[in-house]
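>>> Sequence and predicted structure, then a few things I'm wondering about:
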Amino acid sequence: MSHHQIVIVGGGTAGITTAARLRNADPSLDVAIIEPSEKHYYQPLWTLVGGGIFKPEESGRDEAGLIPYGVKWIKDFVASFSPASNSVTTRNGDTITYDYLIVAPGIQVNWDKVKGLKESVGKDGVCSNYSINTVASTWEFIRNLKQGVALFTQPAGAVKCGGAPQKICYLAEDHFRRSGVRDKIQVIFTLAGPRLFAVERYREILEKVAERKGVEPRFRHNLVEVRSASKEAIYQHMDTHEEIVIKYDMIHVTPPMGAPDFVANSELAGEGGWVDVDKHTLQHTRFANVFGLGDASSLPTSKTGAAVRKQAPVLASNLLSLMKQEPLTASYGGYTSCPVVTGYDSLVLAEFDYSGQPDETFPFDQAQERFSMFLLKKYGLPALYWHGMLRGRA
């Protein structure tokens, strides 16, 4: 058994950023991160990897080089939580106790929730940007498609960055057009939801983008099975529950996602299996010495790295206040950002808060496609991530 003052579950975006902010604020803090992965990936780049702009390996760094100075790295998986006894148990059977716990393990990609997907992804025209092991296949199948049906899907429920499933669709469409094969390819974007984007201001521009590009949206379509042998995608209509079959030549699948099982099955989980935290303070609703942020949390906003960038300072501030037995005064307003790539030289930078109101950074109309914002996505945001955010400085 080992003990640490602060234990952070998860060494991804949220865990590393928060650890860095805590150590920057007080270098004497005893902080440990539990994270099994050797590699850390900047996953927002995977859209551009799928579009052939970057190679998969360009999105990764060694986890060891990102753990903040003085923070202990426990290279293991968390198996279970015991918040009443202030402890977690790892897959190796170790018990780690804490004074304060931060839960930030990210979101779980549920490949098994679509029948036939796990066996077929990466081959026979079935691809997905949602794993480092499959993202290269997306560009391979987009590049090699000369005619037929290109199908793109978005599932019911929360996913990493709600706009991401349509980004790769627009990139593919742009590639087909630039390659001179667009008139031979039907581009269909299916989604379980009733609209292209949740926030009205950006929904209007994205509907115009889809219309201009000739992308056919099919709403209330939830993918339930991929039959790779016959190249058929099987959907259930969200309202009528009828079965719908669409034939494809290539299909990019955004798999269903959810809270990690070890979180969903724990006492820390609330509705939907997410870590049940106050949406402003990020403190757990039942265990005062537990906090949560990032994709695994119950925070009712889009699950993005940009959201974590605004959540981490609030959490660090409130945790330090709690340690001094002071009121938790820092408040998170739900800010999130989704840079929606609409082609190889254009992007709509959607930024909004809990109320769905725009919360924009730049002094111009962001509900327009801009080349400058595409350059921000390609060069600016990765640099900000590696050199600013993960160092607790941005």
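Ah, there it is.

>>> all contacts plus neighbour counts: C-alpha atoms, from now on.
Fine.

>>> Domain boundaries for this protein, per the record?
2-107+259-334, 109-256 (automatic domain parsing).

>>> Indicate which one of the ones you listed is closest to Gly343.
Gly343 sits nearest to domain 109-256 of all these, at 4.8 Å, using Cα to Cα.

>>> per-residue confidence for the residue most central in space within the chain?
For the chain, Lys160 is the residue whose C-alpha lies nearest the centre (Cα atoms, centre = their mean; 2.5 Å). For Lys160, the pLDDT comes out at 95.

>>> how far away is it from Gly305?
Distance from Lys160 to Gly305, counting by Cα to Cα, to the nearest Å: 9 Å.

>>> go on, Leu151?
When distance is defined by Cα to Cα, Leu151 is 27 Å away from Gly305.

>>> can you check Lys279 too?
From Lys279 to Gly305 the distance is 17 Å (Cα to Cα).

>>> still on that earlier bit, and the domains of the chain as CSV, adding distance to Ser346?
Below are the domains of the chain laid out as CSV (distance: least, Cα to Cα, whole Å):
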stretch, distance to Ser346
domain 2-107+259-334, 12
domain 109-256, 10
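
>>> so which of those gets nearest Leu347?
Of all the domains of the chain, domain 109-256 comes closest under Cα to Cα, at 9.1 Å.

>>> Got the phi and psi for Gly333?
phi -100, psi 10 (degrees, to the nearest 10).

>>> what's it in contact with, if anything?
His280, Asp353, Tyr354 (Cα atoms under 8 Å, 6 or more residues apart in numbering).

>>> Can you get me a residue count around the first one?
If I follow you right, that is His280. Neighbourhood size, His280 [other Cα atoms under 10 Å]: 17.

>>> Shouldn't it be within a helix?
No: the assignment for His280, made by DSSP: H, G, I helix; E, B strand; the rest coil, is coil rather than a helix.

>>> Could you measure from it over to Thr17?
18 Å.

>>> what do you get for the second one?
In this structure, Asp353 lies at 21 Å from Thr17, with Cα to Cα as the measure.

>>> Just want to know which of these two has more residues nearby.
Legend: neighbour count by other Cα under 10 Å for Asp353 and Thr17, higher for Thr17 (28 against 20).

>>> Just the pLDDT for the residue nearest to that one when sequence neighbours are not counted.
Using Cα to Cα, 6 or more residues apart in numbering and skipping residues adjacent in sequence, the residue nearest Thr17 is Leu390, 4.6 Å away. With respect to pLDDT, Leu390 scores 98.

>>> isn't Leu390 right up against Ile16?
Yes: using Cα atoms under 8 Å, Leu390 is in contact with Ile16, at 5.9 Å.

>>> so what sits against both of the two?
Leu66.

>>> how about the strands in the stretch 151-300 of the chain?
Ranges of strands within the stretch 151-300 of the chain are 185-191, 216-218, 221-227, 232-237, 243-247, 250-252, 257-258, 290-292, based on DSSP state E, counting those that start in this stretch.

>>> Minimum distance to Leu328: which of those strands has it?
So among the strands of the stretch 151-300 of the chain, strand 290-292 is nearest, using Cα to Cα, at 12.0 Å.

>>> thinking again about what came up before, quick check: which of the strands of the stretch 151-300 of the chain is nearest to Phe371?
Of all the strands of the stretch 151-300 of the chain, strand 185-191 sits nearest to Phe371, with 23.3 Å by Cα to Cα.

>>> What's the mean pLDDT across the closest one?
98.

>>> What strands line up against that strand, and which way round?
Strand 185-191 pairs in its sheet with strand 148-154 (parallel), strand 216-218 (parallel), by DSSP bridges.

>>> what are the ranges of the strands in the stretch 1-150 of the chain?
Using DSSP E, counting those that start in this stretch, strands in the stretch 1-150 of the chain cover 2-9, 31-34, 39-41, 60-62, 72-74, 78-82, 87-90, 95-103, 108-109, 126-127, 148-154.

>>> among those, which is the most enclosed?
strand 126-127 (a mean of 27; mean count of other Cα atoms under 10 Å).

>>> For that strand, name the packing helices and strands.
Applying 3 or more Cα pairs under 8 Å, 6 or more residues apart in numbering; DSSP states H and E, one finds that strand 126-127 contacts helix 135-144, strand 250-252.

>>> got CSV for those, with mean pLDDT, distance to Gly334 and mean neighbour count too?
As requested, the helices and strands packed on strand 126-127 are exported to CSV (pLDDT from 0 to 100; distance: least, Cα to Cα, whole Å; neighbours: other Cα atoms under 10 Å):
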stretch, mean pLDDT, distance to Gly334, mean neighbour count
helix 135-144, 98, 30, 21
strand 250-252, 98, 30, 27
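
>>> mind giving me JSON lines with those and columns for distance to Ala394?
Formatted as JSON lines, the helices and strands packed on strand 126-127 follow (distance: least, Cα to Cα, whole Å):
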{"stretch": "helix 135-144", "distance to Ala394": "28"}
{"stretch": "strand 250-252", "distance to Ala394": "33"}
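
>>> Of the ones you listed, give the one that comes closest to Ser28.
Evaluated with Cα to Cα, the helices and strands packed on strand 126-127 place helix 135-144 nearest to Ser28, the distance being 40.6 Å.

>>> got the angle between the closest one and strand 148-154?
Relative orientation of helix 135-144 versus strand 148-154 (axes from the mean of the first three to the mean of the last three Cα atoms, to 10 degrees): 150 degrees.

>>> what packs against helix 135-144?
helix 46-50, strand 126-127, helix 164-178, strand 250-252.
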